[in-house]
Structure formats: C-alpha cells, structure tokens
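Undergrad: need coordinates for the following:
(one chain, ligands or ions: 1)
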Amino acid sequence: MRDEAVRTATEAKGFLSESEGRKLFDLALEASLLGPCLEIGGYCGKSAVFLAEGCRLGGRNPLLSIDHHRGSAEQQPGEPYFDPELFDAGTRTVNTLPEFQRTIRRAGLLDWVIPVVGESVRVSRCWGESRSLGLVFIDGGHGILDVLADFGEWSGRVCTGGYLCFHDVIPDPEKGGQSPNRVFEHARGLEIWKYEGLFETLGVLRRL
Ligand SMILES: C[S@@+](CC[C@H](N)C(=O)[O-])C[C@H]1O[C@@H](n2cnc3c(N)ncnc32)[C@H](O)[C@@H]1O
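TA: Take a look at the predicted model:
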C-alpha cells in the first residue's frame with residue numbers, strides 16, 4: 001500500500017483498525033481481479049481507502065461504496081456514536097458524504113471508488129441477478145434486521161472464489177453488539193461458504 005493511502009485511512013474518522021484495513025486491502029487486491037468490490041457503509045471513507053487501494057493495485061475493477069450518508073441509528077444526535085462535526089446545521093441532519101469525498105480525494109483514489117448514495121436494500125433491488133462481485137463487505141446498519149437484510153440482498157451477488165466479509169463480528173456478548181456475529185455464524189454454517197477466519201472483528205468467508 002502507498003504510505004499516502006495508509007496515512008489518509010488511519011487519519012480518517014471511522015471504526016476499523018489498521019490491521020483490519022490491511023486485511024481488506026489484501027482481499028480486495030485478489031478479489032478485484034474476479035469482479036468489482038462492494039461495501040455497505042462507506043461513512044467517512046476509512047474502509048473504502050483500504051479496499052480501493054487493493055482495487056487500484058489489482059488494476060482491473062473498482063470499489064462501489066454504498067451509503068445513504070445519513071448515519072446509522074447509533075450515530076444520530078444524542079446517541080453514543082454521534083459526531084457533531086458530521087452534523088449539517090443547515091439541514092439538521094448527519095451528512096458524512098463531504099467527509100467521505102475528502103478522504104477518497106486525499107488518498108488519490110477518485111478513479112477507483114464509485115460512491116452510491118442510497119439505502120442498501122433499495123440499491124440492491126435495482127441490481128438484477130448477476131453474481132459478478134469479487135467481494136462484498138457488510139458494515140452498514142448494525143441492527144439485526146439491517147445486517148440480515150444486507151446479507152440477504154448482497155451475499156448472492158458474490159462470484160465463485162469471491163469473498164464475503166462482515167465487520168464487528170464479536171463472539172463475546174460482553175464485548176459488543178451481537179448482530180454481525182449472529183449473521184456471520186449463520187452464513188458460516190451454509191455449505192456454499194468456506195470460513196477463512198476472523199481477523200480481529202473482521203469475519204471472512206469465501207464462496208465455493
Ligand atoms: C459503522 S459505519 C461504517 C464504517 C466504515 N465502514 C468505516 O470504515 O469506518 C455505518 C455506515 O452505514 C450507513 N448505513 C446504515 N444503514 C444503511 C443502509 N440501510 N443503507 C446504506 N447505508 C447505511 C451509515 O450511514 C454509516 O455511514
């Protein structure tokens with residue numbers, strides 16, 4: 001990875017450790033040779049930089065980054081992950097799109113990221129049936145219905161040999177929310193997915 005990309009990603013606001021990011025980079029480098037990579041939950045661009053840097057080095061397919069950029073439930077005013085710097089006083093809403101765009105520009109990755117501003121399930125319904133994605137990274141809404149919907153809508157679009165990744169897979173209920181872990185464990189039990197490992201809280205499956 002270029003130093004400039006690592007620096008930009010580590011300085012960006014977000015919820016991913018550098019080692020999880022580097023794992024995403026490795027996976028995207030390989031998977032983007034099979035097809036475009038897609039993330040749900042772009043936020044301020046941290047995971048997008050790691051993924052898109054892998055796509056850039058692969059030289060074939062870009063990253064599509066889906067986010068409505070209005071923030072998840074826990075990022076709203078009064079909630080534990082609210083960040084006042086991301087609150088647009090004019091519209092009185094959270095808006096992470098300007099920060100996302102700044103991060104991608106700073107990392108020199110404008111040609112390798114296609115931002116898709118919308119609600120993930122609605123975007124999926126416009127997608128068609130094609131099983132063409134090299135990698136899907138699920139890091140959008142963290143409620144059980146959100147994670148289940150993203151898994152249900154997008155996992156079927158991963159091509160053979162491609163990766164399905166979940167963030168915030170936390171096996172110990174004392175240490176964090178359980179929705180990504182529950183859906184990850186469900187997927188892991190299905191015979192089309194091979195378990196590749198849990199890297200900190202990044203759960204990785206590969207499509208057989
Ligand atoms: C935990 S943050 C993503 C963090 C990011 N991947 C990073 O590297 O820091 C979750 C993001 O998902 C977005 N989101 C939540 N539900 C969504 C939905 N149904 N469709 C699209 N985006 C959604 C929120 O706006 C928020 O930006």
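Undergrad: and the residue of this protein nearest the ligand?
TA: Residue nearest to the ligand within the chain: G14 (2.6 Å; CB to the nearest ligand atom). For glycine as for every other residue, the C-beta is placed from the backbone atoms N, C-alpha and C.
Undergrad: show me the contacts for that residue.
TA: With contact set as CB atoms under 8 Å, 6 or more residues apart in numbering, G14 has these partners: 43-47.
Undergrad: and what of D146?
TA: Taking CB under 8 Å, 6+ apart as the test, what D146 contacts is 72, 140, 179.
Undergrad: ok, now which ones touch L135?
TA: If you count contacts by CB under 8 Å, 6+ apart, L135 has them with 27-28, 31-32, 37-38, 51, 158, 162-165.
Undergrad: in helices only, show me the contacts of G14.
TA: 46-47 (DSSP state H).
Undergrad: among the contacts of G14, the buried ones, what's the PyMOL command?
TA: In PyMOL syntax, the buried subset of the contacts of G14 is picked out as below (16 or more other CB atoms under 10 Å):
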select buried, resi 43+44+45+46+47
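Undergrad: save the contacts of G14 as CSV, and put in distance to the ligand and pLDDT too.
TA: Formatted as CSV, those follow (distance: CB to the nearest ligand atom, whole Å; pLDDT from 0 to 100):
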residue, distance to the ligand, pLDDT
Y43, 4, 98
C44, 6, 98
G45, 7, 98
K46, 4, 98
S47, 3, 98
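Undergrad: quick check: the two most widely separated of the contacts of G14?
TA: C44 and S47 (9.6 Å; CB to CB).
Undergrad: quick one on the thing from earlier: most neighbours among the contacts of D146, which one?
TA: G140 (24 neighbours; other CB atoms under 10 Å).
Undergrad: that older thread, which SSE is the residue of the chain closest to the ligand in?
TA: Using DSSP states H and E, G14 sits in no helix or strand.
Undergrad: would you map the strands across this structure?
TA: Ranges of strands in the chain, per DSSP state E, are 37-40, 63-67, 87-88, 93-94, 113-117, 133-138, 158-166, 193-199, 202-207.
Undergrad: out of those, the one nearest L148 is which?
TA: strand 133-138 (10.2 Å).
Undergrad: get me the contact residues on this protein for the ligand.
TA: Residues of the chain found near the ligand (CB under 6 Å from any ligand atom) are 14-16, 41, 43, 46-47, 66-72, 96, 119-120, 139-141, 146.
Undergrad: not counting sequence-adjacent ones, nearest residue to the residue of the chain closest to the ligand?
TA: With sequence-adjacent residues excluded and distances taken as CB to CB, 6 or more residues apart in numbering, G14 is closest to K46, at 3.1 Å.
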